[in-house]
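>>> one predicted model, sequence on top.
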Amino acid sequence: MRSPRDTSLTWRTAFVREGRPRRYGTQLEKRGEHWEPLLVDDPEGLDARRQAVGLEPITEYLDGARRALG
């Protein structure tokens, strides 16, 4: 079985290559003073998709990323 990280990276790679919105919100960009996910497909369903593959809710992910990235 693939890890949640491997699953999200596979989707991200395919979507980036095709110029499509991201599925799991794992790729970030700095906007002003904050790190935010790149364009995400169906933002309302994001946490459900993340949960389905074993990822934490996007708010927890962003909190950790912002602490790590500054």
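Nice, I can see it.
>>> can you show me the helices along the chain?
4-18, 46-52, 58-69 (DSSP state H).
>>> contact partners of the shortest one?
With CB atoms under 8 Å, 6 or more residues apart in numbering as the contact definition, helix 46-52 has outside contacts at 23-25, 40, 42, 56-58, 61. For every residue, glycine as well, the C-beta is placed using N, CA and C.
>>> torsion angles phi and psi at the residue most central in space within the chain?
Central residue of the chain (CA atoms, centre = their mean): Gly25, 1.8 Å from the mean position. The phi/psi pair for Gly25 (degrees, to the nearest 10) reads phi 70, psi 30.
>>> got the contact list for the closest residue to it other than its chain neighbours?
Spatial nearest neighbour of Gly25, chain neighbours left out: Pro37 (3.8 Å); criterion: CB to CB, 6 or more residues apart in numbering. For Pro37, the contact set (CB under 8 Å, 6+ apart) comprises 22, 25-28, 58, 62.
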